[in-house]
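> Give me a model of this one.
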Amino acid sequence: MIVCRTLGPVSVEVDGAGAPTELMWRKNIALVVYLARSPKRARTRDHLIGVFWGDKPQDDARHSLNQAVGTLRPYMGEGGLDSDAAQVRLNPGAVQLDVDQLEGFVAAGDHRRAAALIQGDFLEGFGIKGASEFENWLTAERAHWKRRSVDVLVRCCDQLLATGALADATQAAQGGLERDSHSDTAVRAVMRCLALAGDRAGALKEFQGFAARLKAEVGTEPDTETRALAERIRLEKAWRLPQTVGPGTTQARRGPLVGRAAELERLVDAWTACRRERRATVAVVEGDAGMGKTRLAEELVARARLDGAVVAAVRAVEADRSDAWSGVFGLARGGLLDAPGVAAAPPPALTQLRGGPPAAAPGRALSDVLQAVADEQPLLVFADDVHWLDRESLLALGAAGRDLARAPVLFLLTAAAQPPRDELDELRVRIGRELAGTAVRLGPLAPDALRTLARWALPAFGDVELDRITRRVATDSAGIPLLAVELLHAVASGLDLRETGGAWPEPLHTLDQTLPGDLPDAIVAAIRIEFRRLSPDAQRVLVVAAVLNGRVPGPILGQRAGLAGEALATALDELEWQRWLTAEPRGYAFVARIMRDVVDRDMVTEGQRQRIKDSTKEAL
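So this is what the prediction gives:
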């Protein structure tokens, strides 16, 4: 069998070995590829003569074709090539082209393996002088495979993004743009990757360069979808950060998403089906504290925003459980009442969600407003830490899932096992029955995922050092992503794990049940180091947040920390970007309670604590 690689510089093997010199003559290789790409893998002799030997007298051309067929026949196996006075035909098993393999992978939905076959243009650098018909065919084939290669690489990018493999997805997207620098689909893939990596400026720069290139080289402009994506990226939050912690710097605490590929893919699939089939969908992300529930959900939220969805978000804290309808009103302030299409909702419903005097429970109003927004564009409702959500709001979300059965709305909920919530259990049971959706449970990271994190955080370490660090981090963190990242950042900052005590004093049940004194010394040391790496303003704000606890409005944090204006905004952005705090319109709260407890115990003097509490009492 002859195996030809055509997507890039031509490469030929015969039965697994290198091709002999006579087979590599240009017209012989061209004849093999041309026949393999022909309908039914057959051509008439007259047609082949016209394509390859049209510049020769008829008798000489027929002789040359016979010679070529005679050269090829021994390398195609017995019965691999048939020829008679009228035509030449390849039989199954005689020749294998990489482009046929590519189409097979695409048909099977495996775009990653298909993309791996793309090494350049079709028969890159190949040509035959004097064979104008072949050159015309080759030009058309190259154009076809350029388009096909871009399509495969973009689809590969989408598959990789669905599993969180951002670096590989970016490489695939850039490969598509290299194949065709005028492709809107390819530049959109690159822009999405950069935006998801937090490089908003890079994504917009890519768009601007693409627009300038189109105008200069072909006299057109980016299509509507590309311009819309650029506008969505432009409207994303612009982070005000100190230079040392800006997006893309090694000091940012946002590590890569590892060990969650299958879970992210299930969430992306649920979101895709929700939009395609226009049906309400529920996705629940469960796990103990520190397992990365919020981080995983945020990955889906970021993709939804780039898809053009409206996002309404709320994050519950412990005090919300006894505050009836606080979750519904939080969603209203968290993007729902600002969404396109909201004006079409019934006025009484809008009045209720704006806090006006209710004529009835706000649950019905929530469904009405969600329906109006979903009629305009897809909608993602993100409720974080719903185990702390008030009962009324949790029931209203379940009712909305039922009421909006034929609307493109995804309800994305994160929850811990404690405290138990009957309302959430009832909602979970309905998934797969009367509600479309999925539920994923996050556990500790496996050693290979921890090693990936270690390689990201410690790029200068060798394999032996990485293995040692990974084993120690696995012991000290119990595989909890939050703690593993803290440890690795601290090691990068100079923490020597050999000088700290390790291992949990007893099996860890949940991080929320753990006191700072129960943590391994290495974990506490890591949190302290990371605190000290914050800017002085951010440290002051974080101390106030730790003392006041719960969800605290930004102005109150600023007032107690003695900051205002741009200084306060920069400090809050730094704390949010570095994943100490999470934000919503109602205020800021710690991403993880154990982080707050360590800061409150170890980074606050009694005098500071008392002054903060006294100033709060005075304000009241």
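
> The nearest residue to M76 once chain neighbours are set aside: neighbour count?
Excluding the flanking residues, the one nearest M76 by Cβ to Cβ, 6 or more residues apart in numbering is A94, at 4.0 Å. The way it works is simple: take the backbone N, C-alpha and C, and place the C-beta from them, glycine included. By other Cβ atoms under 10 Å, the residues close to A94 number 23.

> Could you check how far A94 is from E103?
Separation of A94 from E103 (Cβ to Cβ, to the nearest Å) stands at 18 Å.

> just E217 next, same as before
From E217 to E103 the distance is 30 Å (Cβ to Cβ).

> what about these two, which has more around it?
Set E217 next to E103 and count neighbours by other Cβ under 10 Å: E103 wins out with 14 against 10.

> got the contact list for the more buried one?
A114 (Cβ atoms under 8 Å, 6 or more residues apart in numbering).

> so which helix or strand takes in it?
helix 98-107 (DSSP states H and E).

> now that helix, how far from the centre of its chain.
26 Å (Cα atoms, centre = their mean, to the nearest Å).

> Could you chop the protein up by domain?
2-135, 146-245, 261-441, 447-530, 534-619 (automatic domain parsing).

> what about R391, how many neighbours?
15.

> One more: the one 3 residues further on?
Burial measure for L394: 26 neighbouring residues, criterion other Cβ under 10 Å.

> re earlier: columns mean pLDDT and distance to G255 on top of the domains of the chain, output as TSV?
Below are those laid out as TSV (pLDDT from 0 to 100; distance: least, Cβ to Cβ, whole Å):
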stretch	mean pLDDT	distance to G255
domain 2-135	94	23
domain 146-245	94	11
domain 261-441	93	9
domain 447-530	83	5
domain 534-619	91	9
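
> Check whether T185 really touches V152, as I assumed.
No - counting by Cβ atoms under 8 Å, V152 is not a contact partner of T185; they are 11.2 Å apart.

> packing partners for the longest helix seen in the chain?
Longest helix in the chain, counting residues (DSSP state H): helix 132-162. Applying 3 or more Cβ pairs under 8 Å, 6 or more residues apart in numbering; DSSP states H and E, we find helix 132-162 packed against helix 26-36, helix 45-52, helix 98-107, helix 111-116, helix 166-179, helix 184-196, helix 261-277.

> Would you mind getting the angle between that helix and helix 166-179?
160 degrees (axes from the mean of the first three to the mean of the last three Cα atoms, to 10 degrees).

> Can you tell me how far G175 is from G355?
51 Å.

> Comparing these two, which residue is more hemmed in?
For the pair G175 and G355, the greater number of neighbours falls to G175 (22 against 11), based on other Cβ under 10 Å.

> give me every residue that touches the more buried one.
So G175 contacts A115, I118, L153 (Cβ under 8 Å, 6+ apart).

> Try it again at 6 Å.
G175 is in contact with L153, counting by Cβ atoms under 6 Å, 6 or more residues apart in numbering.

> repeat for R533
So R533 contacts nothing (Cβ under 6 Å, 6+ apart).

> and it, backbone torsions?
Main-chain dihedrals, R533, degrees, to the nearest 10: phi -80, psi -10.

> next one: L257
The phi/psi pair for L257 (degrees, to the nearest 10) is phi -80, psi 110.

> Give me the spatial nearest neighbour of it, chain neighbours excluded.
G164 (4.0 Å).

> Can I take it that the one you found is in a helix?
No - counting by DSSP: H, G, I helix; E, B strand; the rest coil, one finds G164 to be coil, located in no helix.

> burial count for it?
Neighbours of G164 using other Cβ under 10 Å come to 22.

> swap in G130?
G130, neighbours per other Cβ under 10 Å, totals 11.

> I'd like to know how far it sits from G79.
Per Cβ to Cβ, G130 is found 33 Å from G79.

> related to what we said a few turns ago, reformat the helices and strands packed on helix 132-162 as a markdown table; add distance to V342.
Output for these, formatted as a markdown table (distance: least, Cβ to Cβ, whole Å):
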| stretch | distance to V342 |
| --- | --- |
| helix 26-36 | 58 |
| helix 45-52 | 63 |
| helix 98-107 | 41 |
| helix 111-116 | 38 |
| helix 166-179 | 33 |
| helix 184-196 | 25 |
| helix 261-277 | 19 |
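
> which residues does A238 contact?
Contacts of A238 by Cβ under 6 Å, 6+ apart: none found.

> Angles on the backbone of it, please.
According to degrees, to the nearest 10, A238 has phi -90, psi 120.

> Roughly how far does it sit from A349?
A238 sits at a distance of 33 Å from A349 (criterion: Cβ to Cβ).

> same thing with P420?
32 Å.

> N91 too?
70 Å.

> higher neighbour count, the two?
Legend: neighbour count by other Cβ under 10 Å for N91 and A349, higher for A349 (22 against 15).

> Please point out which parts of the one helix or strand the more buried one maps to sit buried.
Secondary structure from DSSP H and E places A349 in helix 347-353. Across helix 347-353, burial judged by 16 or more other Cβ atoms under 10 Å covers A349, L350, Q352, L353.

> and if you look at stretch 170-179?
For stretch 170-179, by 16+ other Cβ under 10 Å, it's T170, Q171, A172, A173, Q174, G175, G176, L177, R179.

> Which one of these is nearest to P57?
R179 (40.8 Å; Cβ to Cβ).

> Wait, the closest one touches S149, no?
Yes - here R179 lies in contact with S149, judged by Cβ atoms under 6 Å, at a distance of 4.9 Å.

> Next one: A186 from G587, what distance?
41 Å.

> Of these two, which one has the most company?
Between A186 and G587, counting by other Cβ under 10 Å, A186 is the more crowded of the two (26 against 20).

> who's in contact with the closest residue to the more buried one other than its chain neighbours?
Using Cβ to Cβ, 6+ apart and skipping the chain neighbours, the partner closest in space to A186 is G176 (3.7 Å). Residues in contact with G176 (Cβ under 6 Å, 6+ apart) are V150, L153, V154, A186.

> Next, work out how far apart the spatially closest residue to I2 that is not a sequence neighbour and H387 are.
Nearest non-adjacent residue to I2, counting by Cβ to Cβ, 6+ apart: V95, 4.9 Å away. Between V95 and H387 the computed distance is 61 Å (Cβ to Cβ).

> what do you get for C4?
For C4 relative to H387 (Cβ to Cβ), the value is 59 Å.

> residues near R279, how many?
Neighbours around R279, by other Cβ under 10 Å: 18.

> The chain should start at 794 in everything you say after this.
Okay, using 794 as the starting number, the last item reads as R1072.

> one step back: and the contacts of the helix holding A1142?
A1125, P1151, P1155, A1158, D1161, V1162.
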